[in-house]
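**Student:** Sequence first, then the predicted structure:
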Amino acid sequence: MEVMMMENIIGYVKKWGKYTFSEKPFNEVDSLVLCQLVYLNYEKYVPAPCQGKEPVDIQSILEDPEWEQILEGYWYKEHNKELFELAAKSLRFGRMKMNDYVNVIDEDQQAQFSAMCYFLEDGKIYIAYRGTDATIVGWKEDLNLAFSKPLKSQYLAVEYMERAAGKAADASCPGLYAGGHSKGGNLAVYGAMNCSDETRGKLIRIFNHDGPGFRPEIKAQGNFQAITERTIKFIPRSSLVGMILEEESDYEVIESWGIGLFQHNTYSWKVEDDAFVRAKSRAGAKVKRDAALNEWILSLTEEQTHAFVDTLYEVVSASEVSNVFEFEANWKKCLQNVLLAAKEVDEETKKGMQKTIHLFFQILLENLKMGGWPWQEQ
């Protein structure tokens, strides 16, 4: 008999990796494992959709002496290495096939999009969308979620889902899963609510692991109601990313070892047996903070939103780095460049930014009148 104790996704694979999916059915923790693994760079190993090649299994990648190159370009390198090695050596994930790897970074259209398909042993396909990577472009695209028009990556998510569904039909696939962490969760939901009725009918479950929500007008354009009962969203108690533009209250609150924003890290999520550890509730101050943030975002005009996001991006881009790792390595020089750029912002734009930030604090204080501060753990 297995002894139940709290783990994270690494502990989960150690404990349950010896079971096949026929012995232990696919579950929510498996989904997070696949969504974390999709952050790795498989360009050398996993075929792109246009190549028409046979899928490869996870174990075969580990057999390459240079396999560790897939770890470059993202946070949590040591954790990712351990998770991948354990998964590749496990009975549960080792022979799982992967195909249709896509990785798009388009600076002109401010788009960062990556996705891949996993093939489960029962023939089902899991469409995994990557969240924000370490690129500055990816960071800017997250800010663009505040706009009232869909993002380039959201359109790509629909195209990718339709392509995967087409292949699934050819292979007589019994059904599809879709999911992602952070922005990847947003893309999975967007793809599901905007794909064709035929494709949507094949979706069994959509997993949103702490991904942002949608502006009301974006949600209204899609068929969100058709997927609500098949969508499950997980957020840690102190979630900020997952509560951005989140109107619904139908989400699962889970426990994390992290503090504040660090709870967004999937390796901090508590796992017991084959499920996430549920929290009793979210702190009241956190709820007020989220309400204030979303009220602020929705109170801005399109012009104000563009001015705020574009100016912030231009100032950060002045650091002359392409990803957060370069920023960290040369943070003193980068910070000097950012501060110089901030001084160069014209007076009209600067006043607009100040008014926008002032509005946020007005709304925040109003929402916090009856509660504590949002950074206090309760």
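**Tutor:** It's in.
**Student:** can you tell me which residues contact K202?
**Tutor:** A165, A168, A169, C173, G175, L176 (CB atoms under 8 Å, 6 or more residues apart in numbering). Bear in mind the C-beta positions are built from the backbone N, C-alpha and C, glycine included.
**Student:** excluding its backbone neighbours, what's nearest M98?
**Tutor:** V46 (4.9 Å; CB to CB, 6 or more residues apart in numbering).
**Student:** could you pull out the strands for the stretch 101-250 of the chain?
**Tutor:** For the stretch 101-250 of the chain, strands defined by DSSP state E, counting those that start in this stretch occupy the ranges 111-119, 125-129, 176-181, 203-209, 231-236.
**Student:** export those strands to TSV and tack on mean pLDDT, mean neighbour count and distance to E366?
**Tutor:** Formatted as TSV, the strands of the stretch 101-250 of the chain follow (pLDDT from 0 to 100; neighbours: other CB atoms under 10 Å; distance: least, CB to CB, whole Å):
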stretch	mean pLDDT	mean neighbour count	distance to E366
strand 111-119	93	25	35
strand 125-129	98	27	36
strand 176-181	97	29	32
strand 203-209	97	23	29
strand 231-236	95	23	24
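**Student:** Using CSV, please lay out those together with distance to D30.
**Tutor:** Formatted as CSV, the strands of the stretch 101-250 of the chain follow (distance: least, CB to CB, whole Å):
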stretch, distance to D30
strand 111-119, 10
strand 125-129, 8
strand 176-181, 9
strand 203-209, 9
strand 231-236, 13
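**Student:** Would you mind stating the distance between R237 and H264?
**Tutor:** 12 Å (CB to CB, to the nearest Å).
**Student:** quick one, which of the two is more surrounded?
**Tutor:** H264 (22 against 18; other CB atoms under 10 Å).
**Student:** what sits against the nearest residue to that one once chain neighbours are set aside?
**Tutor:** Closest residue to H264 apart from its sequence neighbours, by CB to CB, 6+ apart: V241 at 5.3 Å. Residues in contact with V241 (CB under 8 Å, 6+ apart) are S182, D210, G211, P212, L261, H264.
**Student:** There's contact between the second one and R237 in this structure, I believe.
**Tutor:** No. Between D210 and R237 there is no contact, the gap being 11.2 Å when judged by CB atoms under 8 Å.
**Student:** just to revisit the earlier point, tell me how many other residues surround the residue nearest to M98.
**Tutor:** There are 24 residues near V46, going by other CB under 10 Å.
**Student:** How about the contacts made by it?
**Tutor:** Applying CB under 8 Å, 6+ apart, the residues near V46 are P55, V56, M98, N99, D100, Y101, M116.
**Student:** do the same with E366
**Tutor:** By CB under 8 Å, 6+ apart, the neighbours of E366 are A292.
**Student:** Helix or strand for it, just tell me which one.
**Tutor:** helix 347-367 (DSSP states H and E).
**Student:** any idea of the mean pLDDT for that helix?
**Tutor:** On average, the pLDDT along helix 347-367 is 71.
**Student:** can you check stretch 94-103 too?
**Tutor:** Here the average pLDDT along stretch 94-103 is 97.
**Student:** Output it as CSV, restricted to C-alpha atoms.
**Tutor:** Extracted as CSV, the C-alpha positions of stretch 94-103 are listed here (Å, rounded to 0.1, in the frame of the first residue of the first chain):
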residue,chain,number,x,y,z
GLY,A,94,9.2,7.2,-20.9
ARG,A,95,7.6,5.8,-24.0
MET,A,96,5.1,8.6,-24.4
LYS,A,97,5.4,9.9,-28.0
MET,A,98,5.8,13.6,-28.8
ASN,A,99,5.2,15.3,-32.2
ASP,A,100,4.4,18.6,-33.9
TYR,A,101,6.7,20.8,-31.9
VAL,A,102,6.3,24.5,-32.7
ASN,A,103,8.2,27.4,-31.4
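**Student:** and it, how far out from the chain's middle?
**Tutor:** Centroid separation for stretch 94-103 versus its chain: 18 Å, with CA atoms, centre = their mean, to the nearest Å.
**Student:** Span of stretch 220-236 from start to end?
**Tutor:** 27 Å (CA to CA, to the nearest Å).
**Student:** chain center to that stretch, what's the gap?
**Tutor:** For stretch 220-236, the distance to the chain centre is 15 Å (CA atoms, centre = their mean).
**Student:** same check, this time on stretch 277-297
**Tutor:** Worked out by CA atoms, centre = their mean, stretch 277-297 lies 19 Å from the chain centre.
**Student:** what do you get for stretch 272-282?
**Tutor:** Relative to the centre of its chain, stretch 272-282 is centred 19 Å away, using CA atoms, centre = their mean.
**Student:** between the strands of the stretch 101-250 of the chain, which gets nearest to E347?
**Tutor:** E347 lies closest, by CB to CB, to one member of these: strand 111-119, at 32.0 Å.
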